[in-house]
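S.K.: got a predicted structure here, sequence first:
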Amino acid sequence: MTASREPSFDDLVSFRDADRGFIDKLDPCIIKDNRGNVVWDNEAYNFLSNTPCPQTANPKLWRQAQLVSKQGLFKVVEGIYQIRGFDLSNMTVIEGKQGIVVVDPLTSAECAKAALELYRKNRGNKPVLGMIYTHSHADHFGGAEGIVSRSEATKIPILAPFGFLEHAVSENIYAGNAMARRASYMNSDTDPPTVDVTHTGQVEVIDGIEFLFQVTPGTEAPSEMNFYLPQCRTLCVAENATQCLHNIGTLRGAAIRDALAWSSYLDETIVLFAEKSDIVFASHHWPTWEKDAVITYLTEQRDLYAFLHDQTLRLMNEGLTGIEIAENFQLPPKLSTAWHTQGFYGSVSHNVKAIYQRYMTWFDGNPAHLWEHPPVESAKRYVSCMGGIDEVIQKAKTFSEQGDLRFAATLLNHAVFAEPGNKTAKSLLASTYESLGYGCENGPWRNFYMSGAMELKGEKMKDNVLTDQAAMAKSLSLHHLFSSLAVKLNGPLAQAQDFTIDLYVSDRDEYCRLIVSSGALIHRTGKTRTSTSDVADYSCELTFPQLLQLLTTGRTQDSVKNEVGDSTFISKLLSLIVTPNGAFNIVTP
């Protein structure tokens, strides 16, 4: 393939755009919860602005960090404002006739509240008359109750793409613990949507503002949408086009995204909106201004995902595996020299492997890889074959001295998994990970390497960023609630149990039958009883808050009603539920 070239550090357009429209900032930008705990500390990034790039960081990643650490209130265009640097994502405020519409209220209520306060300090105390979630990732809806209370939320339209709640639950609840643990290596409460955006071309008017929607399912999120504001010739592209290469496969874990659909929807965006857009903004980073620049930006973003997809499949069909394709994959010069296509978040390497996996699964076709030993058993055998742990460590040192840190890490990983207590192996692997991290242009790669080094040294990791599932549970349907409970059932322990519980959740006027059978938890929900032919071992009537309290603590503050049967079946069910370890090992056995 054509050799890639690098973007120019003399190109300062991104810095001008990131500063454009600045109005005010929070000083200091340290946001705390009601107990005084720091939720967000943007001041921690001040060193970026007054320190030259050190040898322990990639200059391109350092440049990107300087840009994304800018915080404050920014004017995009008359009537549209963004608060950046208060969270992982941006919150956008769109002014209507009587109040405002808030787009993507950040990850936490504290950050969202602080962002709204900064806006109101400068633009007046305008009421929130609508809210929009552009997609189903928690950093774009988790702070909703910092904007409006749950009771206020029932009185305003809250728009989200069709399937939003299902996919939000799937990612943040069902697989939440595993993803959150890996997300802690890589880098709530919410009000449920009240209006589904179901099709491209759907128009909704909120407080006199016309929103024209484009649904883009299966792109950056399973449930996602763009919207266009004709009155100000401005386009929001959610997270479908950002100021970097995004993830086809995210390192924190998620379903592999469809690069072909992503590119196709971006092409549709260009056809629908590009010629009539003077500004494009997204849920992260800074906007792009002027029609020609907007068209170039969207076109190159489209081509980026199309090229990754098509060339991966071309080489896959020639018999190469994902690892082989990724090793020498090069972007064309037009894409490799643009700053907004650089691999600061998604990388060409792991995105190519993700595309391969989407089509071919994890298996590369080589039968030697079909039934390999798990990591510990495999490591013991490798170490034995190489002459013992001391010999492996010495070989790793030699490869490291020769500059081959990648293979040194492979050897030392075997050493650590074969003998987890070997301090020399762990220390050398930590040092190797740090050296690999220093050179990364990709932020998640750097964080994975540095976090791995911390675990090897026994240092305390930061808390998981998406593990507060109790608050989010308030928004769940009974189906989603019991589906999330089912994945926590200890199947082997439950195999000897068979019983049935009937619940009537009065404030939702909904029945639910829970069946523990053959190690599985089955649920049936509906407005009528699902079965009248047999009597449950226990049944009762309770409210949804009582149900959550019962499932969390094993008891309720107020008595449940209409109890029939043996209430100990509730405690029996809860005894089968496992609380997952939020700090499981990753780079050690």
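M.R.: Received it, and whenever you're ready, just let me know what you need.
S.K.: so residue 341 sits against residue 304, correct?
M.R.: Yes. In this structure residue 341 lies within contact range of residue 304 using C-beta atoms under 8 Å: 5.0 Å. From N, CA and C alone the C-beta is placed, and that goes for glycine too.
S.K.: shared neighbours, the two?
M.R.: Common contact partners of residue 341 and residue 304 (C-beta atoms under 8 Å, 6 or more residues apart in numbering): 245, 331, 335.
S.K.: ok, residue 341 and residue 304, which is more surrounded?
M.R.: Each of residue 341 and residue 304 has its neighbours counted (other C-beta atoms under 10 Å); residue 304 has more, 28 against 24.
S.K.: residues in contact with that one?
M.R.: 245, 263, 331, 335, 341.
S.K.: among these, which pair sits farthest apart?
M.R.: Farthest pair in those (C-beta to C-beta) is 263 and 331. Separation: 13.9 Å.
S.K.: and residue 493, that one's in a helix?
M.R.: Yes. When DSSP: H, G, I helix; E, B strand; the rest coil is applied, residue 493 is found to be in a helix.
S.K.: surely it touches residue 573?
M.R.: No. Counting by C-beta under 8 Å, residue 493 stays clear of residue 573, with 11.6 Å between them.
S.K.: these two: who's more crowded?
M.R.: For residue 493 versus residue 573, neighbours defined as other C-beta under 10 Å are more numerous around residue 573 (22 against 13).
S.K.: how distant is the host helix or strand of that one from the center of its chain?
M.R.: If you go by DSSP states H and E, residue 573 is part of helix 568-575. Distance of helix 568-575 from its chain centroid, counting by C-alpha atoms, centre = their mean, to the nearest Å, is 34 Å.
S.K.: for it, give the mean pLDDT please.
M.R.: When pLDDT is averaged over helix 568-575, the result is 95.
S.K.: again, but for stretch 204-213
M.R.: Stretch 204-213 comes out at a mean pLDDT of 98.
S.K.: what's the spacing between that stretch and its chain's center?
M.R.: From the chain centre to the centre of stretch 204-213 is a distance of 28 Å (C-alpha atoms, centre = their mean).
S.K.: list the buried residues of the helix or strand where residue 430 lies.
M.R.: Using DSSP H and E, residue 430 sits within helix 423-438. Judged by neighbour count using 16 or more other C-beta atoms under 10 Å, the buried positions of helix 423-438 are 425, 426, 428, 429, 430, 431, 432, 433, 434, 435, 436, 437.
S.K.: tell me what it is packed against?
M.R.: Applying 3 or more C-beta pairs under 8 Å, 6 or more residues apart in numbering; DSSP states H and E, one finds that helix 423-438 makes contact with helix 389-401, helix 405-418, helix 443-457.
S.K.: closest to residue 354 out of the ones you listed?
M.R.: So among the helices and strands packed on helix 423-438, helix 443-457 is nearest, using C-beta to C-beta, at 12.9 Å.
S.K.: tilt between the closest one and helix 423-438?
M.R.: 160 degrees (axes from the mean of the first three to the mean of the last three C-alpha atoms, to 10 degrees).
S.K.: so which elements touch helix 443-457?
M.R.: Under the contact criterion of 3+ C-beta pairs under 8 Å, 6+ apart, helix 443-457 touches helix 59-68, helix 176-186, helix 423-438.
S.K.: so residue 309 is in which element?
M.R.: Judged by DSSP H and E, residue 309 forms part of helix 291-316.
S.K.: SS state for the closest residue to residue 526 other than its chain neighbours?
M.R.: Nearest residue to residue 526 in three dimensions, chain neighbours excluded: residue 511, at 5.9 Å (C-beta to C-beta, 6 or more residues apart in numbering). The three-state label given to residue 511 by three-state DSSP is strand.
S.K.: what about residue 511, distance to residue 431?
M.R.: Distance of residue 511 to residue 431, given as C-beta to C-beta, to the nearest Å: 59 Å.
S.K.: how about residue 576?
M.R.: From residue 576 to residue 431 the distance is 44 Å (C-beta to C-beta).
S.K.: re the thing from before, now the helices and strands packed on helix 443-457 as JSON lines including distance to residue 235 and mean pLDDT?
M.R.: What follows is those, written out as JSON lines (distance: least, C-beta to C-beta, whole Å; pLDDT from 0 to 100):
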{"stretch": "helix 59-68", "distance to residue 235": "21", "mean pLDDT": "97"}
{"stretch": "helix 176-186", "distance to residue 235": "29", "mean pLDDT": "47"}
{"stretch": "helix 423-438", "distance to residue 235": "36", "mean pLDDT": "98"}
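S.K.: redo these as a markdown table? Include distance to residue 396.
M.R.: Putting the helices and strands packed on helix 443-457 into a markdown table (distance: least, C-beta to C-beta, whole Å) gives the following:
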| stretch | distance to residue 396 |
| --- | --- |
| helix 59-68 | 26 |
| helix 176-186 | 22 |
| helix 423-438 | 6 |
